[in-house]
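[1] got a predicted structure here, sequence first:
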Amino acid sequence: MPMPDSEDIQDRLIAAAVADSQSVDASGRSTRALVHGVKIRDLTLHTDERGTVCEMFDPRWAWHEDPLVFVYHFTIRPGWVKGWAMHQCHEDRYCLLQGEMKLVMYDARPDSPTHGQVNEIYLSEQRRQLVNVPAGVWHADENIGNKDLMVVNFPTIQYDHAAPDKIRLPLDTDLIPYRFRDVKGEQ
Ligand SMILES: Cc1cn([C@H]2C[C@H](O)[C@@H](COP(=O)(O)OP(=O)(O)O[C@H]3O[C@@H](C)C(=O)[C@@H](O)[C@H]3O)O2)c(=O)[nH]c1=O
């Protein structure tokens, strides 16, 4: 017969514990609420004995209404964060090719149904996806892996070298309710 206090300990542990809530549906799609306008699309990696093929963007997918007009890639070194950044006139459209990234978005758009919301979106070479960052949404990209991460970005406008559509805030700004820990970034 177990001692009454051993049952009491288990009861107290269960009472103090937090139950898991749903995070994905049966198809593996995230059920978390996304910042308004963010769309994530899984990509297919075709593999055979010679190597791989992965389609990255096809207007026929109807994933994003804007055409392909400009492409570049950027990297982030391990332990670094790029951001906070915000584009007032265009969207970013990311496809991560290498590494692991935490993409943090903060929606301060006054008329957004998700005004005030923060999203942490994890992108990995283990599950290639497209994700867009709507115009007006603050974002910062953290390399959470142990090698350079590489992202191909298909912004919805061409880069204006004379007047880039980009404004920045220091990573430790108090104006955004999010803190990165133990990282290097733009101060
Ligand atoms: C984005 C971009 C930058 N550049 C030049 C400008 C500058 O001299 C150098 C580095 O630019 P940046 O400091 O803007 O690069 P970076 O901070 O890596 O920019 C990227 O950051 C991540 C977080 C994003 O969200 C992207 O939209 C993009 O802004 O590259 C181009 O020539 N063409 C481009 O399309």
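    All right, it came through fine.
[2] not counting residues beside it along the chain, what's closest to D141?
    K82 (4.8 Å; C-beta to C-beta, 6 or more residues apart in numbering). (Each C-beta comes from the backbone N, C-alpha and C, glycine too.)
[3] which residues of the protein lie near the ligand?
    Y72, F74, K82, G83, A85, D92, H139, D141, N153, Y159, H161, K166 (C-beta under 6 Å from any ligand atom).
[4] and the first one, what does it touch?
    Which is Y72. V152, N153, Y159 (C-beta atoms under 8 Å, 6 or more residues apart in numbering).
[5] which of those count as buried?
    V152, N153 (16 or more other C-beta atoms under 10 Å).
[6] between the contacts of Y72, which is nearest P177?
    N153 (25.6 Å; C-beta to C-beta).
[7] for H73, see how far away the closest one is.
    7 Å (C-beta to C-beta, to the nearest Å).
[8] ok, V24 to D141 distance?
    For V24, the distance to D141 - C-beta to C-beta - is 23 Å.
[9] more crowded one of those two?
    Between V24 and D141, counted using other C-beta atoms under 10 Å, D141 has the larger neighbour count: 26 against 10.
[10] ok so the more buried one is a strand residue?
    Yes: with DSSP: H, G, I helix; E, B strand; the rest coil as the criterion, D141 is located in a strand.
[11] who's it bridged to?
    Under DSSP bridges, the beta-bridge partners of D141 are K82, L103.
[12] hang on, isn't it packed against I76?
    Yes: shown here, D141 and I76 form a contact pair, counting by C-beta atoms under 8 Å, at 6.0 Å.
[13] picking that back up, turn the residues of the chain next to the ligand into JSON lines, columns for distance to M101.
    As requested, the residues of the chain next to the ligand are exported to JSON lines (distance: C-beta to C-beta, whole Å):
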{"residue": "Y72", "distance to M101": "16"}
{"residue": "F74", "distance to M101": "11"}
{"residue": "K82", "distance to M101": "10"}
{"residue": "G83", "distance to M101": "11"}
{"residue": "A85", "distance to M101": "14"}
{"residue": "D92", "distance to M101": "13"}
{"residue": "H139", "distance to M101": "11"}
{"residue": "D141", "distance to M101": "6"}
{"residue": "N153", "distance to M101": "12"}
{"residue": "Y159", "distance to M101": "21"}
{"residue": "H161", "distance to M101": "26"}
{"residue": "K166", "distance to M101": "18"}
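[14] out of the residues you listed, who's nearest H64?
    Among the residues of the chain next to the ligand, and counting by C-beta to C-beta, the member closest to H64 is D92, at 10.9 Å.
[15] great, nothing more from me.
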